[in-house]
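Undergrad: 3D, please:
(one chain, ligands or ions: 1)
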Amino acid sequence: MKKVYGVIGDPIGHSMSPVMHNDLFEHNEIDATYLAFHVKKGNLEAAVTGLKALGVSGFNVTVPHKTDIIPLLDDIDPLAKAIGAVNTVVNTNGKLIGFNTDGRGFVRALLNKGLSLTEQKVLVIGAGGAARAIYFSLAEAGVKEIDVCNRTVEKALSLKEACPFSVETKVSSISEAEKTIVDYDLLIQTTSIGMSPQVDDTPIRFKALKTNCFASDIIYNPLETKFLKEAKFIGASIQNGVDMFVNQGALAFEIWTSIFPDTNRMTENVLKQLGGSSC
Ligand code: ATR
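TA: Got it, this is the predicted structure:
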């Protein structure tokens, strides 16, 4: 019988996951389909009960359900529990088990760029849900020094305090971080600032960066945010959010099928959907 997978969220109409995963099912000769389900906040519990009753094999979870879904699951992976957010669910013999592949996907994307992560002095800009997944996953991967700056400093502090992995972290405001930005090997932009249509906005300003600095932005629309443009202009290597999106999807696909898919193929597929080219 054909297996059914999907993604739940609100809004969901522009999700690139259905085209990306359906291509992978076809390419790997797996008899399955992936659908987008528009689930409003108040309907989450009913939707999850329905997906379970229908025997859906697995699904992704996106805004605004990543945290609210946790009490509705039968089990949760320790990293997802620590992050407090689930983006991937697998149905194993009728039990729904939650994972978070966002942070690990981001780490994979960095490793694919050839970065030796443990030696990096890292600055995470932002302290929301995406920052939390990335910060915990970098700490899990053995990065020793990860500073966090945010508009609301208290949120960065609670992120640091909640981390279950050992890591050295200084917390600061964005303007404080601007003064020492030249010390960092790796800058990670996790806020929504600079996302289309506000493409002229950037969360942090700098005139110089460390030689060989690497700047990564989780935004993929536009492919080159103002933050990345400014970092590139100064000489940094840059990476946009396509790689994180592809790798979180690849890790979800692996959880569902035990096959780690071809991420180059996925990147091409996503860029086609976005109508541009990667950096
Ligand atoms: P996500 O789950 O996508 O990370 P989020 O949890 O709402 O979204 O977090 C958004 C991040 O962007 C936060 O770091 C937020 O800063 P605050 O914690 O101070 O709210 C940051 N952010 C959003 N809009 C911002 C703005 N206009 N200026 C500065 N930071 C902003």
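Undergrad: Which helix or strand contains residue 272?
TA: Assigned by DSSP states H and E, residue 272 falls within helix 263-274.
Undergrad: List the contacts of that helix.
TA: Applying CB atoms under 8 Å, 6 or more residues apart in numbering, the set of residues contacting helix 263-274 from outside is 16, 19-20, 23-24, 27, 112, 220-221, 223, 242-243, 245-247, 249-250, 277-278. For every residue, glycine as well, the C-beta is placed using N, CA and C.
Undergrad: Please report the distance of residue 190 from residue 71.
TA: With distances defined as CB to CB, to the nearest Å, the gap from residue 190 to residue 71 amounts to 26 Å.
Undergrad: Mind checking which of the two has more residues around it?
TA: residue 190 (27 against 8; other CB atoms under 10 Å).
Undergrad: Do I have it right that that one meets residue 125?
TA: Yes - with contact defined as CB atoms under 8 Å, residue 190 reaches residue 125; the gap is 6.3 Å.
Undergrad: Which residues does stretch 120-127 contact?
TA: Residues lying outside stretch 120-127 but in contact with it, judged by CB under 8 Å, 6+ apart, are 131, 134-135, 138, 143, 145-150, 152, 155-156, 158-159, 174, 177, 181, 183-191, 203-204, 214.
Undergrad: Repeat that for stretch 56-75.
TA: Residues beyond stretch 56-75 that count as contacts (CB under 8 Å, 6+ apart) turn out to be 3-10, 12, 15, 17, 32, 37, 39, 41, 44-45, 48, 51, 76, 81, 84-91, 95-98, 129, 249, 252, 255-256.
Undergrad: Taking these, please make a PyMOL selection of just the buried ones.
TA: Buried members of the contacts of stretch 56-75, identified by 16 or more other CB atoms under 10 Å, are gathered into one PyMOL selection as follows:
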select buried, resi 3+4+5+6+7+8+9+10+12+15+17+32+37+39+44+48+51+76+84+85+86+87+88+89+90+91+96+97+98+129+249+252+255+256
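Undergrad: Just the contacts of stretch 56-75: which are in strands?
TA: Assigned to strands by DSSP state E, the following of these qualify: 3-9, 32, 37, 76, 88-91, 95-98.
Undergrad: show me the contacts for the residue nearest to residue 252 when sequence neighbours are not counted.
TA: For residue 252, the nearest residue in space outside its immediate sequence neighbours is residue 88; the separation is 4.2 Å by CB to CB, 6 or more residues apart in numbering. Counting by CB under 8 Å, 6+ apart, residue 88 touches 58-61, 98-101, 248, 251-252, 255.
Undergrad: Can you pull out the low-pLDDT segments for the stretch 51-200 of the chain?
TA: Screening the stretch 51-200 of the chain residue by residue with the criterion pLDDT under 70, one finds no matching range.
Undergrad: Which parts of it are helices?
TA: Along the stretch 51-200 of the chain, the segments classed as helices by DSSP state H, counting those that start in this stretch run 78-83, 102-112, 129-140, 153-162, 174-179.
Undergrad: Columns distance to residue 229 on top of those, output as JSON lines?
TA: Shown next, in JSON lines, are these (distance: least, CB to CB, whole Å):
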{"stretch": "helix 78-83", "distance to residue 229": "30"}
{"stretch": "helix 102-112", "distance to residue 229": "20"}
{"stretch": "helix 129-140", "distance to residue 229": "21"}
{"stretch": "helix 153-162", "distance to residue 229": "25"}
{"stretch": "helix 174-179", "distance to residue 229": "17"}
